[in-house]
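Trainee: 3D, please:
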Amino acid sequence: MQIPLDPKIKELADLPYTISFIIRKRQQIDGLNELSSDKRPPESIIWDGTPEEMEDWLNKVFDTKKKEQAEITFQIKDTDIEK
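Mentor: Alright, predicted model coming up:
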């Protein structure tokens, strides 16, 4: 990602912490704004929450834990097996 502030700056780590934090937070907010309003986390999690709280919120909203399968079953017909 190129940072449009100065062509000499290639990474956010090259900026002072406060500026790099604001840029990363803006990127996060822009990404969350891609979600429908009912799936966006509340402002308290965005600004004051921990990464774990954000992850828990997104897992809960997208129901990722329930979609995991422990086992996959394939059904193969005897006629499909080459002898």
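Trainee: residues contacting the nearest residue to Gly49 once chain neighbours are set aside?
Mentor: Counting by CB to CB, 6 or more residues apart in numbering, the nearest residue to Gly49 once its immediate chain neighbours are dropped is Pro41, at 7.4 Å. Bear in mind the C-beta positions are built from the backbone N, C-alpha and C, glycine included. Each residue near Pro41 by CB atoms under 8 Å, 6 or more residues apart in numbering is listed here: 32, 49, 54, 57-58, 61.
Trainee: Where does pLDDT dip in this structure?
Mentor: Applying pLDDT under 70 to the predicted model, the residue ranges of the chain that meet it are 1-6, 12, 64-72, 83.
Trainee: Quick one: list the elements packing against the lengthiest helix in it.
Mentor: Within the chain, and with DSSP state H defining each element, the longest helix by residue count is helix 17-32. Packed against helix 17-32, as judged by 3 or more CB pairs under 8 Å, 6 or more residues apart in numbering; DSSP states H and E, are the following elements: helix 43-48.
Trainee: Now do the buried residues in the helix it packs on.
Mentor: Within helix 43-48, the residues that qualify as buried are 45-46, counting by 16 or more other CB atoms under 10 Å.
Trainee: circling back to that earlier point, so how far is the longest helix of the chain off the chain centroid?
Mentor: A distance of 14 Å separates the centroid of the chain from that of helix 17-32, by CA atoms, centre = their mean, to the nearest Å.
Trainee: same thing with stretch 37-46?
Mentor: The gap between the average C-alpha position of stretch 37-46 and the chain average comes to 13 Å, counting by CA atoms, centre = their mean.
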